[in-house]
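1. pasted the sequence and its predicted model underneath.
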Amino acid sequence: MTKNLIIFTLLASLLILSCKDNNPGPDNAASYSNEAVITDFVDNTVVPKYESLKNEAGYMKSDADNFISGSTQEKLNILRADWFRTREAWETTECFLFGPVATLELDPSIDDWPLNSVDLDSVMATSNTFTPSYVASLSTSLKGFHAIEYLIFGKNGNRLAADFTAREKEYLGALCADLLTITTKMYTEWNPAQGNYRNELVTAGNGNATYPTKKAALLEITNAITGIVEEVGASKISEPFNTFDSTLEESQFSKNSFTDFKNNIIGARDAYMNKYDSKTKTSISDFVKQYNKSLDQDIIIKFNAIIQNLGSYNTTFGNAIIKQRPNISNTIAALDDLKNNIENGILPLIHLHVTD
């Protein structure tokens, strides 16, 4: 066992001891129901988070327009801060990548990577007008978060406002507008007053074609949480790590990859506990507590240990995959362990105990 793995294991052990006697069970145990888990998850986590994402994308679009109208370094710095906030809002939604975001293929339209910078530069070299329909028709690797990131941070992360050409500013404005359009659609598709996918999930059972049983809905939610934990470990981290290739890094221009990973896991933990904006509602965690409190404790502890670990790196991800390989290996192992805990612990409980 490496020194770093020993430290990581001790941290998890200390967290277990610290909360071993502090888990009285859900306050709403008497009124607990599978229907409440599903409904509260949608109303406390999914819809509010998509609304927040839409709002952040709107602020970024507004500040991009402001930068384009007068390109000062101060305005560029404001735009970069907007990108970080919008990015955080998005990463914390990747723990529920089902429904419209999947069926309408909205995810790759804003978050495909690695960026194809050669083709992106070629697009800017054309005389095509960046209309909404033209940007929508572009390959997913030429738009979304990482195309915006490439333009506002530059290849080395230190781009100056004075370096922007008129063509680049035109493309930037169109990209921010497209991202706002897509994130708005993510919200409206779930909004009860508009697309109302909310109703699709909360009415699971009772002849619902998409979710014929409440078990199907609970499995959808749990598998989505598992999915992002697996993606962070097996794809976002492992692929650049295994190939020693930092060009496969997700947010390489902004040096934001570790923060991306951390926000993914924060989002997954908060989805499991149904926590958002200081509110905690009926959750998958509450369901697990009914049958296996120690499993629930263990999962939350592992979430928190991984979040702390991802926040502890003192270098960029691109550098860490070369110079801190034992640490990265331990992070990957911890994510895989958490994924297995959810798959082998929670999913069997749902299959065993949810009959409606």
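-> Ah, there it is.
2. ok, and the closest non-adjacent residue to the spatially most central residue of the chain?
-> A centroid search over the chain (CA atoms, centre = their mean) returns E91, at 2.4 Å, as the residue closest to the centre. Once flanking residues are discounted, E91 sits nearest to N263: 3.8 Å by CB to CB, 6 or more residues apart in numbering. Using the backbone N, CA and C atoms, a C-beta is placed for each residue, glycine as well.
3. would you say the one you found is within a helix?
-> Yes: the assignment for N263 (DSSP: H, G, I helix; E, B strand; the rest coil) places it in a helix.
4. contacts only, for it.
-> Applying CB atoms under 8 Å, 6 or more residues apart in numbering, we find N263 in contact with R87, E88, E91, T92.
5. thinking again about what came up before, isn't the residue nearest to the centre of the chain right up against G267?
-> Yes: at 6.3 Å, E91 and G267 qualify as touching, with contact defined as CB atoms under 8 Å.
6. backbone phi and psi for K279, please?
-> phi -110, psi 140 (degrees, to the nearest 10).
7. for this structure, which residues score under the pLDDT cut-off?
-> 1-31 (pLDDT under 70).
8. do that again at 90, thanks
-> 1-32, 114-117, 206-207, 356 (pLDDT under 90).
9. ranges for the strands of the stretch 251-356 of the chain?
-> Per DSSP state E, counting those that start in this stretch, the stretch 251-356 of the chain carries strands over the ranges 275-276, 279-280.
10. any chance of these in CSV, with distance to T355 and mean neighbour count too?
-> CSV is the format used below for those (distance: least, CB to CB, whole Å; neighbours: other CB atoms under 10 Å):
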stretch, distance to T355, mean neighbour count
strand 275-276, 28, 18
strand 279-280, 27, 14
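11. quick one: the residue nearest to E91 from Y211, how far?
-> 28 Å (CB to CB, to the nearest Å).
12. same thing with K275?
-> For K275 relative to Y211 (CB to CB), the value is 23 Å.
13. how about E249?
-> According to CB to CB, E249 and Y211 sit 36 Å apart.
14. hang on, G195 packs against L106?
-> No: contact criterion CB under 8 Å: G195 and L106 do not qualify, at 11.8 Å.
15. now for these two: what residues contact both?
-> Joint contacts of G195 and L106 (CB under 8 Å, 6+ apart) are P100.
16. please list all residues in contact with the nearest residue to K281 once chain neighbours are set aside.
-> Distances taken as CB to CB, 6+ apart place D40 nearest to K281, at 3.6 Å, with adjacent residues excluded. When contacts are counted by CB under 8 Å, 6+ apart, D40 touches N274, K281, T282, S283.
17. my read: F261 touches V232, true?
-> Yes: if you go by CB under 8 Å, F261 and V232 touch, sitting 5.2 Å apart.
18. chain center to the lengthiest helix in the chain, what's the gap?
-> The longest helix of the chain (DSSP state H) is helix 166-190. Averaging C-alpha positions (CA atoms, centre = their mean, to the nearest Å) puts helix 166-190 18 Å from its chain's average.
19. run a quick neighbour tally on Q73.
-> 12 (other CB atoms under 10 Å).
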